[in-house]
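Peer 1: Can you look at this prediction? I've put the sequence above it.
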Amino acid sequence: MDWTALFLSLRLAAWTAVILLPVAVFMGRFLAFRQFGGKGLVEAAVMLPLVLPPTVFGFYMLVAFGRNSPIGDLWQSLFGHQLVFTFEGLVVASVIFNLPFAIQPAQRGFEAIAVEVREAAACCGMSPMRSLWKVELPLAWPGLMTAMVLTFAHTLGEFGIVLMVGGSIPGETRTIAIAIYDRVQGFDDRGAAIMSATLVAISLFTIAITYWLSARVGRRLS
Amino acid sequence: MTASLSFARRAILVMAAALTVAAGAAHARDEAPVVAAASDLQFALTEIAAAFDAETGMKVRLSFGSTGNFARQIREGAPFEMFMAADESFIADLNSDGFTRNAGDLYALGRVVIMAPNGSTLIPDEHLDNLASMLIAGQITRFAIANPNHAPYGMRAREALITKGIWENLQPVIVLGENVSQAAQFALSGNAEGGIIAYSLALAPEIGPRGSYALIPGDWHEPLRQRMALLGAAGPVAEAFYAYLKKPAARAIMERYGFVLPDGA
């Protein structure tokens, strides 16, 4: 069992979820409440990672963030090392690739709030921030919870991008999914079996928790 | 309603806090240098790294993959400190573009074998006669080699098959591994009659007992001149490991895995 790889994956998943939580709240809310020209295009762009193969994104990442690119240069001069083949690089890749998993459920959560409720909040003199915190978040939170759990679980399962831009560096970019791939190639069937079973258990547990929580919230709110 | 609102708010706070704690969880950054190595070295180099650790107390981290992919990743800035390629042309190219410290050293000559899993109808022989006759009889359904577009062992396998004159006939049944380890995995998984893989893998205790193999004549393909080099970022531990690979202890392990050592090197 490669614990380093497992903790690396959990850390990657947690960072991705932390960074995407505010993005999910504000993008989800924006897309739910606002109508504007080109909204369909924005929504399509958010959904793009769902249909694009990870290789497309991995290729763009290599080109856009690699040694010879302006972004890669900027990152190098700011932090003294390259973005690709580092943990930070995986976080960036993971955040972008999880946009649909974070924003979609959040948007549905905000869309479920009746317009009268928000109007009432505004009529009571609540500022938009106060209305968000006191009224909208409490109502939309099952959607946000789903967004975070899906993001977390989906990051644990990410493989293609990590393979392309990670380099399988132990403790840095060798996630559990990559470690399993390495074990299979190293003919360590037992190691691969143990790690695969662990991953199944963690993923099942994570998703089961969400269902349980949202059922509980459903009861409390009704 | 108030109760449920505060519960929901608390839940969101707890969720955010838990994620933050998990994300920031202290992680002792492992500073051992990373060695990128061709996957034919999977077992031999793991053993050498353990011996190096036992003898010097210094650790290296090993990353195995296809030589071509590593060369690409090194060009894009991968933080490897040392590169052990399965073919020296990749080192030469990296060197001429300034990615390696120098031209490096030849560390082994690789060989390829034809290997069939236990229970396969294919009987490996050094001149690939059985493979050729089974192929013509339509009895080969799948045959694995490493991807000849970027994996040196795949290139040499292709050359050997061209020498035998069966490369074209093999096209409909060939499966390509991303590197030679994956080719071995495909060849021996029981879903293929066999494949052409690295001799060093066939000699590994994890793989040898899974089938039978025959060494393909070395003059059927270009020599697999395997070269290593320190990269620009190499530190003292990588330098020590590099030097260790030239010592008798490391050489003995390489020899045990079938790596012919270059004369006078």
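Peer 2: Cool, the structure landed.
Peer 1: for chain B, what spans make up the strands?
Peer 2: B:34-38, B:61-65, B:82-84, B:105-110, B:112-117, B:143-146, B:174-177, B:194-198, B:211-215, B:224-230 (DSSP state E).
Peer 1: can you list the residues that contact the first one?
Peer 2: Residues from elsewhere that reach strand B:34-38, judged by CB atoms under 8 Å, 6 or more residues apart in numbering or on different chains: A:167, A:169-170, A:172, B:45, B:49, B:60-67, B:70, B:73-74, B:78-86, B:152-153, B:179-180, B:226, B:238, B:241. Every residue, glycine included, has its C-beta placed from N, CA and C.
Peer 1: How far does it sit from its chain's centre?
Peer 2: Relative to its chain's centre, strand B:34-38 lies at 9 Å (CA atoms, centre = their mean, to the nearest Å).
Peer 1: What mean pLDDT does it get?
Peer 2: This predicted structure assigns strand B:34-38 an average pLDDT of 95.
Peer 1: Name every strand pairing with it and say which way it goes.
Peer 2: strand B:61-65 (parallel), strand B:82-84 (parallel) (DSSP bridges).
Peer 1: right, so those: which one is the most enclosed?
Peer 2: strand B:82-84 (a mean of 27; mean count of other CB atoms under 10 Å in any protein chain shown).
Peer 1: Could you check how far it is from the centre of its chain?
Peer 2: So, by CA atoms, centre = their mean, the centroid of strand B:82-84 is 12 Å from its chain's centroid.
Peer 1: which residues touch that strand?
Peer 2: Counting by CB under 8 Å, 6+ apart, strand B:82-84 makes contact with B:33, B:35-38, B:41, B:45, B:60, B:70-71, B:74, B:90-91, B:94, B:100, B:107, B:226, B:228-231, B:234, B:238, B:241-242, all of which sit outside it.
Peer 1: Now residue 179. Nearest residue, chain neighbours left out?
Peer 2: No chain specified, so I'll use chain A. Spatially, and ignoring its direct neighbours in sequence, A:Ala179 is nearest to A:Ala5 (3.8 Å; CB to CB, 6 or more residues apart in numbering or on different chains).
Peer 1: hmm, I had chain B in mind actually
Peer 2: The spatially closest residue to B:Asn179, leaving aside those adjacent along the chain, is B:Ser66, at 3.7 Å (CB to CB, 6+ apart).
Peer 1: which residues does that neighbour contact?
Peer 2: Neighbouring residues of B:Ser66 by CB under 8 Å, 6+ apart: B:38-39, B:146-147, B:150-151, B:178-180.
Peer 1: So which of these wins on neighbours?
Peer 2: B:Val180 (37 neighbours; other CB atoms under 10 Å in any protein chain shown).
Peer 1: what residues are up against it?
Peer 2: Shown in contact with B:Val180 (CB under 8 Å, 6+ apart): B:38-40, B:66, B:86, B:146, B:151, B:153-154, B:197-198, B:201.
Peer 1: which residues of chain A fall in helices?
Peer 2: Under the criterion DSSP state H, helices of chain A are mapped to A:3-33, A:39-51, A:54-65, A:70-79, A:87-97, A:99-111, A:115-123, A:128-131, A:137-156, A:160-165, A:176-185, A:189-221.
Peer 1: before we move on, what about chain B?
Peer 2: Using DSSP H, the helices found in chain B span residues B:2-24, B:42-56, B:67-75, B:88-96, B:129-136, B:152-164, B:167-170, B:180-188, B:199-202, B:236-244, B:248-256.
Peer 1: between the strands paired with strand B:34-38, which gets the lowest average pLDDT?
Peer 2: When these are compared on mean pLDDT, strand B:61-65 scores lowest, with a mean of 92.
Peer 1: Need the residues that contact it.
Peer 2: Outside strand B:61-65, the residues that touch it by CB under 8 Å, 6+ apart are A:167-171, A:174, A:182, A:185-186, B:30, B:32-39, B:41-42, B:45-46, B:49, B:70, B:80, B:178-179, B:181.
Peer 1: can you rerun that using 7 Å?
Peer 2: Contacts of strand B:61-65 with the rest of the structure, by CB atoms under 7 Å, 6 or more residues apart in numbering or on different chains, involve A:167-170, B:30, B:32-37, B:39, B:41-42, B:45-46, B:49, B:179, B:181.
Peer 1: ok, now stretch B:197-211?
Peer 2: For stretch B:197-211, using CB under 7 Å, 6+ apart, the contacting residues are A:187, B:40, B:42-44, B:110-113, B:115-118, B:153, B:180-181, B:183-184, B:187-188, B:213, B:215, B:257-259.
Peer 1: hey, C-alpha coordinates of it in PDB?
Peer 2: Extracted as PDB, the C-alpha positions of stretch B:197-211 are listed here (Å, rounded to 0.1, in the frame of the first residue of the first chain):
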ATOM      1  CA  ILE B 197       9.900  -7.300 -24.300                       C
ATOM      2  CA  ALA B 198      13.200  -6.400 -22.500                       C
ATOM      3  CA  TYR B 199      15.500  -9.200 -21.500                       C
ATOM      4  CA  SER B 200      15.900  -7.500 -18.100                       C
ATOM      5  CA  LEU B 201      12.200  -7.800 -17.500                       C
ATOM      6  CA  ALA B 202      12.100 -11.500 -18.400                       C
ATOM      7  CA  LEU B 203      14.900 -12.100 -15.900                       C
ATOM      8  CA  ALA B 204      13.000 -10.400 -13.100                       C
ATOM      9  CA  PRO B 205      11.600 -12.800 -10.400                       C
ATOM     10  CA  GLU B 206       8.200 -11.000 -10.700                       C
ATOM     11  CA  ILE B 207       8.000 -11.800 -14.400                       C
ATOM     12  CA  GLY B 208      10.200 -14.800 -15.300                       C
ATOM     13  CA  PRO B 209       8.000 -17.500 -13.800                       C
ATOM     14  CA  ARG B 210       4.900 -16.200 -15.700                       C
ATOM     15  CA  GLY B 211       6.100 -17.600 -19.000                       C
END
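Peer 1: Can you give the domain ranges for chain B?
Peer 2: When chain B is parsed into structural domains using automatic domain parsing, the resulting residue ranges are B:34-109+B:224-256, B:110-220.
Peer 1: Can you check which of those domains gets nearest to A:Ala192?
Peer 2: Within those, the stretch nearest A:Ala192 is domain B:110-220; the backing value is 10.5 Å (CB to CB).
Peer 1: roughly how far out does that closest one sit from the chain middle?
Peer 2: For domain B:110-220, the separation from the chain centroid amounts to 16 Å (computed by CA atoms, centre = their mean).
Peer 1: start to end distance for it?
Peer 2: By CA to CA, to the nearest Å, the extent of domain B:110-220 from end to end equals 13 Å.
Peer 1: can you check stretch B:90-101 too?
Peer 2: In stretch B:90-101, first residue to last residue: 14 Å (CA to CA).
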